[in-house]
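> Predicted model and sequence follow; I will ask about them next.
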Amino acid sequence: NNTYDIRGKDLERLVTPFKSQRVTFTIEPSAAAAAASRGKTLRLPDPVLLAIRAACSRVANMSGANEHIDQILRDLEEITTLADDGSMADLLSLRISTAISSN
């Protein structure tokens, strides 16, 4: 079964709020057919990897590390200039990827 519980203290901050606290992953037959026509296979998320991600999130939350990560991300959002020496290339790449994926 590919149904999972969604847990988190800040779920209301999500751009698209979940209607329920559960999510079920499925592969639409038309998407599977389109992938197969290109020689690709669509796979559902690995339950083991999802469990590991959930465990890491719980540890980060309980240890307070998530607050530090949130602060770092907020600080990165406030940076408006890049260093001349190219040392901030990763930040630029992250910003570009984020902008592309949000459109």
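Looks like it arrived, so ask away.
> Would you mind listing the residues in contact with K40?
With contact set as C-beta atoms under 8 Å, 6 or more residues apart in numbering, K40 has no partners. C-beta here means a position set from N, CA and C on the backbone, and glycine is covered the same way.
> okay, it: pLDDT?
For K40, the pLDDT comes out at 96.
> And what about it, helix, strand or coil?
Using DSSP: H, G, I helix; E, B strand; the rest coil, the structure places K40 in coil.
> contacts for the strand or helix carrying T98?
T98 belongs to helix 89-101 when assigned by DSSP states H and E. Identification of contacts with helix 89-101 by C-beta under 8 Å, 6+ apart yields L76, I79, L82.
> show me where this structure has strands.
3-5, 22-24 (DSSP state E).
> distance of L50 from V59?
Distance of L50 to V59, given as C-beta to C-beta, to the nearest Å: 15 Å.
> more neighbours, these two?
L50 (14 against 11; other C-beta atoms under 10 Å).
> Switch the strands of the chain over to CSV, and while doing so, append distance to A32, mean neighbour count and mean pLDDT to every line.
Shown next, in CSV, are these (distance: least, C-beta to C-beta, whole Å; neighbours: other C-beta atoms under 10 Å; pLDDT from 0 to 100):
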stretch, distance to A32, mean neighbour count, mean pLDDT
strand 3-5, 19, 11, 88
strand 22-24, 16, 11, 86
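> Could you save the ones you listed as CSV and add columns showing distance to T98?
Output for the strands of the chain, formatted as CSV (distance: least, C-beta to C-beta, whole Å):
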stretch, distance to T98
strand 3-5, 25
strand 22-24, 23
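> Which one, of those strands, ends up nearest to A31?
Closest to A31 of those, according to C-beta to C-beta: strand 22-24, at 15.3 Å.
> any idea how far the closest one is from the chain center?
16 Å (C-alpha atoms, centre = their mean, to the nearest Å).
> Same question for stretch 68-84.
On C-alpha atoms, centre = their mean, the centre of stretch 68-84 falls 18 Å from that of its chain.
> Having no further points to raise, I will conclude here.
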